[in-house]
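S.K.: Any chance you could fold what I've pasted below:
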Amino acid sequence: MAVPRGLLLPAALLASCAALHHGAPPGQDGQRLLGGGRHAASASAKMMAVKGHTVSQVSARWTGNVVYAIFTSASEKYHDGLLAELGTWAEVPARQGRFVAVGGSNYPDEWQTKNVLKSECGDSMESISCKEATLLAEGAARGADWLYVIGEDNYVHTKRIEEFLSDKDPDSVIAYGTVGCGKGIYCTDDDGFTEEGGFCGGGGYIISRGALQRLLANGAPELHEIYDATPWPNDMTTSCQLRKHEVVLSNVGNMYGFPIVDIDDYKGMARGDFLTLHYLRPATMRWFHAHLHGASKHVTHSLEEAAFDHGCAKDIGGVSSQQRFRECLVKKGATPQ
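M.R.: Next up is the predicted model:
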């Protein structure tokens, strides 16, 4: 899943980084860490002894909560994306111990914080599935109510996500996301996948505690054997395993996984009911966060200059990103370089 730093890191990021290193007590700032709505089981009842897996202190505060989890690597570009998330939408869940970045075995010590789960996996694109298996085992063992798997270039409206999940049962065997990708290509030995496909990973997917425990019923080594050997993208691997374990894949329409270039489209999203956006680079993410939360024109103007050229996002990911950028410039009456 999937730049030079544009502006100085905002004060919110500095506060977040301090919290990463020093931690914060549960419920800091009077905020209740979300569980699963009406369920109040004890922490020990929610946790699971996962064969072949030892839990990390990184996840000590996951039990009974919504956890936001991303994959990261020993790459400056992806580290910049992680810092942008921590300085915007992820600042609060990180301070509350509900945000994790899963790195490989070579993750730099100088980047290590209390929110990084350093795995024994490699650091190539093919290693993302290995990292995901580690993450799923950790989530099941710690008893997270919900595990939301995303990337460094996602913007998440955490309040809406948690409102969406507040009346859902984390012990139900279900996962939420955008369903329909991979039909006829992956997991062809499963009828459910063949007929309906799996999760389109760009918008991420939310896995319940019940589903996590079912995936890990036979232990972490068995899951790793499947994930570590596959050449498939991680979203397809997980979708296939969810289908094979009879987990319901529920479609959520406003977890957007496509690239956005035009600033007017971003503004429209800010007025809408989105849960997640994809392909935001650090400068765009900081501008969008400021715009969404009603920052002053002085603040948004400087961030907009860093992120956009004639109202077109300067640096986006996704297929045909440069073509999309040129088309946007033409639409805005500018001459593409």
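
S.K.: if we look at the sheet, which residues does residue 206 bridge to?
M.R.: Under DSSP bridges, the beta-bridge partners of residue 206 are residue 148, residue 176.

S.K.: Residue 118 versus that one, what's the distance?
M.R.: With the distance defined as Cβ to Cβ, to the nearest Å, residue 206 ends up 24 Å from residue 118. Glycine gets a C-beta too; all of them are placed from N, C-alpha and C.

S.K.: Pick out the residue nearest the middle of the protein.
M.R.: Central residue of the chain (Cα atoms, centre = their mean): residue 150, 2.1 Å from the mean position.

S.K.: In contact with that one, which residues?
M.R.: By Cβ atoms under 8 Å, 6 or more residues apart in numbering, the residues touching residue 150 are 1, 68, 69, 70, 156, 204, 276.

S.K.: Kindly recompute the last result at 10 Å.
M.R.: 1, 68-71, 85, 90, 156, 201-206, 255, 276, 278 (Cβ atoms under 10 Å, 6 or more residues apart in numbering).

S.K.: Next: residue 147.
M.R.: By Cβ under 10 Å, 6+ apart, the neighbours of residue 147 are 62, 65-69, 100, 135-136, 138-140, 170, 175, 205-209, 211-212.

S.K.: Check residue 287 too.
M.R.: 6-7, 88, 263, 266, 280, 295, 299-308, 313.

S.K.: Just the ones of the contacts of residue 147 in strands?
M.R.: Those of the contacts of residue 147 mapping onto strands are 66, 67, 68, 69, 100, 175, 205, 206, 207, 208, per DSSP state E.

S.K.: Residue 302: neighbour count?
M.R.: 15 (other Cβ atoms under 10 Å).

S.K.: Compare the ones in strands among the contacts of residue 147 and tell me which has the most neighbours.
M.R.: residue 207 (30 neighbours).

S.K.: residue ranges with poor pLDDT in the stretch 151-300 of the chain?
M.R.: Across the stretch 151-300 of the chain, nothing is flagged by pLDDT under 70.

S.K.: Give me the distance between stretch 65-80 and the centre of its chain.
M.R.: Stretch 65-80 sits 8 Å away from the centroid of its parent chain (Cα atoms, centre = their mean, to the nearest Å).

S.K.: Buried residues, that stretch. List them.
M.R.: 65, 66, 67, 68, 69, 70, 71, 72, 73, 78, 79, 80 (16 or more other Cβ atoms under 10 Å).

S.K.: One more: stretch 56-63?
M.R.: In stretch 56-63, counting by 16+ other Cβ under 10 Å, buried: 56, 58, 59, 61, 62, 63.
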